[in-house]
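1. fold the following for me, if possible:
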Amino acid sequence: MRSLEGLSPTNKPSVPILAIPTTAGTAAEVTINYVITDEEKRRKFVCVDPHDIPQVAFIDADMMDGMPPALESCDGCRCAHSCY
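-> Modelled structure (predicted):
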């Protein structure tokens with residue numbers, strides 16, 4: 001996983017990626033950027049690769065039911081901000 005950190009474009013397209021977002025407002029399911037969480041080291045790192053864009057995103061509001069209230073508020077503000 002660590003080799004993916006930062007801008008590291010691959011030479012070939014990946015297998016088809018299907019995204020199922022569990023938060024709203026980030027649009028991560030339709031970008032070349034993604035975050036991997038290293039639970040062991042309690043660290044997150046950003047990866048960027050133009051070949052890693054999901055081909056399909058399944059948006060299901062039920063997947064977001066378990067979001068913590070603070071995260072839900074932040075994502076809601078981000079959505080509203082993106083409208084302007």
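
2. who's in contact with D75?
-> T23, A24, G25, T26, M67 (Cβ atoms under 8 Å, 6 or more residues apart in numbering). For glycine as for every other residue, the C-beta is placed from the backbone atoms N, C-alpha and C.

3. can you give me the pLDDT of the fourth one?
-> If I follow you right, that is T26. pLDDT recorded at T26 is 71.

4. tally of neighbours for it?
-> Neighbour count for T26, taken as other Cβ atoms under 10 Å: 16.

5. measure it to V15 for me?
-> 23 Å (Cβ to Cβ, to the nearest Å).

6. the last one now?
-> When Cβ to Cβ is applied, the distance between M67 and V15 equals 28 Å.

7. more crowded one of those two?
-> Per other Cβ under 10 Å, whichever of M67 and V15 has more neighbours is M67, with 15 against 6.

8. ok, and the closest non-adjacent residue to the more buried one?
-> T23 (6.2 Å; Cβ to Cβ, 6 or more residues apart in numbering).

9. secondary structure class for that neighbour?
-> coil (DSSP: H, G, I helix; E, B strand; the rest coil).

10. what pLDDT does it get?
-> On the pLDDT scale, T23 is placed at 78.

11. with G6 instead?
-> 63.

12. what segments of this protein are strands?
-> Here the chain has its strands, by DSSP state E, at 6-7, 18-19, 33-38, 43-48, 56-57.

13. redo the ones you listed as CSV? Include distance to D75.
-> CSV is the format used below for those (distance: least, Cβ to Cβ, whole Å):
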stretch, distance to D75
strand 6-7, 25
strand 18-19, 16
strand 33-38, 14
strand 43-48, 16
strand 56-57, 16
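
14. out of those strands, flag the one nearest C77.
-> strand 33-38 (19.0 Å; Cβ to Cβ).
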